[in-house]
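Q: dropping a prediction and its sequence here:
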Amino acid sequence: MPQPETSLMNRLVSLCKRRGFVYPASEIYGGLNGFWDFGPLGTQLKNNIRDAWWRDMVDCPPIGPDGQPVSIVGIDTSIIQHPKTWEASGHLSGFADLMVDCKESKKRYRADHINVFEVTMRDEDKEEKARLFFSYVEPEQLNEIVAGLIKRTKKDSQYYLSFERHPRNDSEKYCREEGLANNFLSKIQSDFILIERPFTALNAEEQAKVIGPDAKNAGTLTEPRSFNLMFNSYVGVFQNEESKVYLRPETAQGIFLQYKNVLDTSRVKPPFGIAQVGKSFRNEVTPRNFIFRTREFEQMEMEFFVPPEDGMKWYEFWVAERLRWWGEMGLSKANIFRHEIGDGDRAFYSAATADIEYKYPFTDPNFGELEGVAYRTDYDLKQHQTFSKTNLEYIDQEAKTRYLPHVIEPAAGLTRGVLALLCEAYQYDESRASPEWLKLKPSLAPIKAGIFPLVNKDGMPEVAEKLFMDLRKTHTCQYDAKQSIGKRYARMDEAGTPFCITIDGDTLTSQNVTIRNRDTAQQEKVALDQVKSYLSTKLS
Ligand code: GAP
């Protein structure tokens, strides 16, 4: 099937705008970097994913390892909490990225995203002749770099050329060009000894020789400086250190603060979970890739409190369960990946962490984070217990013991989930009325059925309107009588609507309607009075 020239991501972003899934925020003022708004279809899709998560977490949680349904309750806590919350959680001191500014390009980079190549050139006798430092480059710069490299070698001077290395999970540029970069490297590797080093591993003297990723001159990068990701504001009339508050960077902490109240006021005891969906805010340094990494986003988090000795068992349970769930939402097995985070890369308090990753178009062939499942031990409760001086232990009356429960946390991005499901759903087929269409899981589709009178006369609109008035009570439907039937199908395909119901001349005599299936484009006759149950069965 021929594919258009434009990249899949560009096509998806433009479809989202055109059909009202996602718009740039504050667009009439030129937009605001890192902020996006959800349009009518996008909001409905996001709500459907959120509702599915809530249903499968809170209303009808999965069956646990002991064969019994697990117990989870839902809460909704404030975005702004007491500032001590963030001291205790570690966000105030630790939730910061080391940043490097470039005085020449005026760009800012995460220090751990800058890598430098250190090159040692050898002569024919393999003796070291000169040491050079260079970076990953754009293809068109290749010749220039090679020429510069030779020139610099002759001068016998030392440079580090740096490049911005994004984590493999969200770098469009790095992943796309990786093949080429490797090619380039292998070409020169025969003549050079090449060592790749993180910028942060260089001493100050060496750092001063680095040519920034977007700079021409050496020594324009500053030393790494700490930059906290939390947005702040002030409560009350006076704006000073005492009135300073923070917008939550995760929904999780609100759960920890209310864990004791929930324990005391609900009929729960470990193992049990508290779930929450809501907005989080991070002043991300490099928001990128559409709604993948934004400064305002939504999370679906659940903290599962268990007796300490059962921690690993529940960790394994939740990783498997969350992988299964995303599959059920429509992500194909080939596109989801369990990435076990190694000892050195985990938060210091985490006994185990697995990222559930998705193969986004901009990470392909690699994967990027969609959800993290972390075994957080008793770190958070212990911290809040210390900082608040409130005993947060669970008292097990039956066993006559008391303990701080351990916590397993499946933390998913809701807005990121919308992106993953849109990427998965996006189809391109030139033989269809609308080459671009969305193969969303029917129960998640923003509109479940389009209802069309074939023509706007001969009694058809009346029957179609009556059917619409009936179906709208149970399903999100759209009545559409404008333009040709092909154009109406095309509009519904782009919106991901799984069923189109047409009332035609035959309906008036035989009482049958024609239902077109989005995925197969096949049509079938269904009795008018059976349409509701047909939809309910197909959408359940
Ligand atoms: N309470 C743990 C926690 O917040 P996280 O890995 O930082 O963990 C969980 O976030 C999920 O939230 C991520 O897997 C991702 O889906 C989503 N997320 C995090 N930062 C985001 C951002 N800037 N934009 C969109 N989604 C984000």
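A: Received it, and whenever you're ready, just let me know what you need.
Q: E357 falls within a strand, correct?
A: Yes: assessed with DSSP: H, G, I helix; E, B strand; the rest coil, E357 lies in a strand.
Q: I'd say it and I336 touch.
A: Yes: between E357 and I336 a contact is recorded at 7.0 Å, counting by C-beta atoms under 8 Å. Just so you know, the C-beta spots here come from the backbone N, C-alpha and C atoms, and that holds for glycine as well.
Q: need the overlap of contacts for the two.
A: When contacts are counted by C-beta atoms under 8 Å, 6 or more residues apart in numbering, E357 and I336 are jointly contacted by L370.
Q: give me the residue from the stretch 101-250 of the chain nearest the ligand.
A: E250 (3.5 Å; C-beta to the nearest ligand atom).
Q: for that residue, what are phi and psi?
A: The phi/psi pair for E250 (degrees, to the nearest 10) reads phi -160, psi 150.
Q: you'd agree it is up against E301?
A: Yes: shown here, E250 and E301 form a contact pair, counting by C-beta under 8 Å, at 6.9 Å.
Q: tell me, what's touching the two both at once?
A: A411.
Q: which one's more surrounded, the two?
A: E301 (25 against 19; other C-beta atoms under 10 Å).
Q: from M57, how far off is that one?
A: Per C-beta to C-beta, to the nearest Å, E301 is found 10 Å from M57.
Q: any shared contact partners between these two?
A: Applying C-beta under 8 Å, 6+ apart, one finds that E301 and M57 are jointly contacted by A275.
Q: quickly find the element holding the residue lying closest to S26 once chain neighbours are set aside.
A: Excluding its sequence neighbours, the residue lying closest to S26 (C-beta to C-beta, 6 or more residues apart in numbering) is L32, at 4.7 Å. L32 is part of no helix or strand when elements are defined by DSSP states H and E.
Q: what residue ranges in the chain score low on pLDDT?
A: 1-3, 117-196 (pLDDT under 70).
Q: could you check which residue of it lies nearest the ligand?
A: For the chain, C-beta to the nearest ligand atom, closest residue to the ligand: G413, 2.3 Å.
Q: and the contacts of stretch 423-431?
A: Outside stretch 423-431, the residues that touch it by C-beta under 8 Å, 6+ apart are 1-4, 8, 11-12, 15, 330-332, 335, 358, 360-361, 435-440, 496.
Q: so of those residues, which ones are in helices?
A: If you go by DSSP state H, the contacts of stretch 423-431 have L8, R11, L12, L15 in helices.
Q: is the closest residue to N391 other than its chain neighbours in a helix, a strand, or coil?
A: Leaving aside its sequence neighbours, N391 sits nearest to Q385 (C-beta to C-beta, 6+ apart; 6.6 Å). In three-state terms, and counting by three-state DSSP, Q385 is helix.
Q: now the strands for the stretch 251-400 of the chain?
A: Using DSSP state E, counting those that start in this stretch, the strands of the stretch 251-400 of the chain run over 272-281, 296-306, 336-340, 352-358, 368-377, 394-396.
Q: counting contacts, what elements does the fifth one pack onto?
A: The criterion is 3 or more C-beta pairs under 8 Å, 6 or more residues apart in numbering; DSSP states H and E, and the helices and strands that strand 368-377 contacts are helix 311-328, strand 352-358, strand 406-413, helix 414-425.
Q: with the fourth one instead?
A: Of the remaining helices and strands, those touching strand 352-358 by 3+ C-beta pairs under 8 Å, 6+ apart are helix 311-328, strand 336-340, strand 368-377, helix 414-425.
Q: again with the shortest one
A: Applying 3+ C-beta pairs under 8 Å, 6+ apart, one finds that strand 394-396 contacts strand 401-403.
Q: which strands border the strand it packs on, and is each parallel or antiparallel?
A: Strand 401-403 has the following strand partners under DSSP bridges: strand 394-396 (antiparallel).
Q: give me the buried stretch members for stretch 332-345, please.
A: For stretch 332-345, the neighbour count (16 or more other C-beta atoms under 10 Å) marks N335, I336, F337, I341 as buried.
Q: who touches it?
A: Stretch 332-345 is contacted from outside by 319, 323, 326-327, 350, 352-359, 367, 369-370, 424, using C-beta under 8 Å, 6+ apart.
Q: out of the residues you listed, which touch the ligand?
A: E369, L370 (C-beta under 6 Å from any ligand atom).
Q: ok, of the contacts of stretch 332-345, which come out buried?
A: Among these, those scoring as buried are 319, 323, 326, 350, 352-359, 367, 369-370, 424 (criterion: 16+ other C-beta under 10 Å).
Q: so T222 touches K107, yeah?
A: No: using C-beta under 8 Å, T222 makes no contact with K107, being 11.4 Å away.
Q: quick check: neighbours shared by the two?
A: D101.
Q: can you tell me the SS state at the residue lying closest to F21 once chain neighbours are set aside?
A: Counting by C-beta to C-beta, 6+ apart, G42 is the residue found nearest to F21 once chain neighbours are left out, at 3.7 Å. Secondary structure assignment for G42 (three-state DSSP): helix.
Q: distance of G42 from Q522?
A: G42 sits 28 Å away from Q522, taking C-beta to C-beta as the criterion.
Q: show me what contacts F317?
A: F317 neighbours (C-beta under 8 Å, 6+ apart): G64, P65.
Q: repeat the analysis, applying 6 Å as the threshold.
A: F317 makes contacts with P65, as judged by C-beta atoms under 6 Å, 6 or more residues apart in numbering.
Q: who touches N48 in this structure?
A: Shown in contact with N48 (C-beta under 6 Å, 6+ apart): L444.
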